[in-house]
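Engineer: Sequence first, then the predicted structure, then my questions.
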Amino acid sequence: MNVVEHDQITDNVAQVRERIARAARRVGRLPDAITLIAVTKTISPEGVQAAHKAGVRDFGENYVQEAAEKRRDPLLGWPDARWHFIGHLQSNKARDVVGRYAVIQSVDSVTLAQALSKRAQIAGVGDVDILLEVKLDPSDAKFGLAPEEIPAMIARIAPIQGVAIRGLMGMPPFAADPEESRPYFRRMQTLFTEMPDHMQGILSMGMTADFEIAVEEGATHVRVGTAIFGKRR
């Protein structure tokens with residue numbers, strides 16, 4: 001990575017943080033209450049290192065194998081980084097994430113929660129912090145839980161030893177106008193506040209296109225990639 005690219009990432013991080021701060025202040029929130037997660041899928045270790053030098057401490061990865069290879073790079077051996085797994089996770093990959101990520105944001109089944117629990121107990125790492133993934137677009141065939149499934153899923157997963165539900169993660173349908181995401185974020189906020197108090201830790205929503213709307217609607221964590229690193233090659 002050349003100096004220009006490094007400096008651009010530094011500038012981008014500063015701009016994203018300022019946009020988060022402005023959005024927070026518009027609704028009477030403290031900017032420090034929102035955590036910026038830099039989404040680093042397909043980004044080189046040098047690019048991730050540039051974001052870390054710019055002050056980012058939370059990073060999100062989507063793919064188990066890519067992340068495992070990347071995180072073996074000596075450039076990324078910081079003790080103060082928090083890694084979040086944000087992509088779809090198959091139960092047979094639980095062993096590859098337990099103990100390596102601070103939060104697993106994409107839990108959408110009892111089977112996956114049980115697999116994470118088993119691996120946590122084998123590894124002796126304590127509870128794995130998880131988020132329940134909400135599918136906000138009913139027409140989307142991708143992964144996640146329908147909003148109406150959340151209470152029942154909490155009841156089924158909460159008793160499982162080795163995992164701890166810390167909140168919710170979701171992504172609204174793509175829209176050209178970020179304002180179209182607002183009702184979906186409001187739905188997420190409602191679901192979040194209906195959870196038991198000790199589970200209301202993380203509300204992860206909002207990406208490059210709509211993170212300011214998400215902040216206005218209560219996001220505690222936003223997942224931003226393109227606005228920091230530019231378009232992925």
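Structural biologist: The structure has been received and is ready for your questions.
Engineer: Every contact and neighbour count from this point should use C-alpha atoms.
Structural biologist: Noted.
Engineer: dump the residue contacts of residue 54.
Structural biologist: 9, 10, 13, 14 (Cα atoms under 8 Å, 6 or more residues apart in numbering).
Engineer: Adding distance to residue 195, pLDDT and neighbour count, write these out as CSV.
Structural biologist: Below are these laid out as CSV (distance: Cα to Cα, whole Å; pLDDT from 0 to 100; neighbours: other Cα atoms under 10 Å):
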residue, distance to residue 195, pLDDT, neighbour count
9, 37, 97, 23
10, 37, 97, 20
13, 32, 98, 24
14, 33, 98, 16
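Engineer: Between those residues, which sits nearest residue 151?
Structural biologist: Of all the contacts of residue 54, the one with the least separation from residue 151 (Cα to Cα) is residue 13, at 36.1 Å.
Engineer: Find the helix or strand that that closest one is a member of.
Structural biologist: helix 3-26 (DSSP states H and E).
Engineer: Keeping just the C-alphas, turn that helix into PDB.
Structural biologist: What follows is helix 3-26, C-alpha atoms only, in PDB (Å, rounded to 0.1, in the frame of the first residue of the first chain):
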ATOM      1  CA  VAL A   3       1.300   6.500   1.200                       C
ATOM      2  CA  VAL A   4      -1.600   8.000  -0.800                       C
ATOM      3  CA  GLU A   5      -3.800   5.000  -0.200                       C
ATOM      4  CA  HIS A   6      -2.800   4.900   3.500                       C
ATOM      5  CA  ASP A   7      -3.600   8.600   3.900                       C
ATOM      6  CA  GLN A   8      -6.900   8.200   2.100                       C
ATOM      7  CA  ILE A   9      -8.100   5.500   4.500                       C
ATOM      8  CA  THR A  10      -7.000   7.800   7.400                       C
ATOM      9  CA  ASP A  11      -9.100  10.600   5.900                       C
ATOM     10  CA  ASN A  12     -12.000   8.300   5.300                       C
ATOM     11  CA  VAL A  13     -12.100   7.000   8.900                       C
ATOM     12  CA  ALA A  14     -12.100  10.600  10.100                       C
ATOM     13  CA  GLN A  15     -15.000  11.500   7.800                       C
ATOM     14  CA  VAL A  16     -17.100   8.500   8.800                       C
ATOM     15  CA  ARG A  17     -16.600   9.300  12.400                       C
ATOM     16  CA  GLU A  18     -17.700  12.900  11.900                       C
ATOM     17  CA  ARG A  19     -20.800  11.700  10.000                       C
ATOM     18  CA  ILE A  20     -21.600   9.400  12.900                       C
ATOM     19  CA  ALA A  21     -21.100  12.200  15.400                       C
ATOM     20  CA  ARG A  22     -23.400  14.600  13.500                       C
ATOM     21  CA  ALA A  23     -26.100  11.900  13.200                       C
ATOM     22  CA  ALA A  24     -25.800  11.100  16.900                       C
ATOM     23  CA  ARG A  25     -26.100  14.800  17.900                       C
ATOM     24  CA  ARG A  26     -29.100  15.300  15.700                       C
END
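Engineer: Which other helices and strands does that helix contact?
Structural biologist: helix 45-53, helix 211-216, helix 226-229 (3 or more Cα pairs under 8 Å, 6 or more residues apart in numbering; DSSP states H and E).
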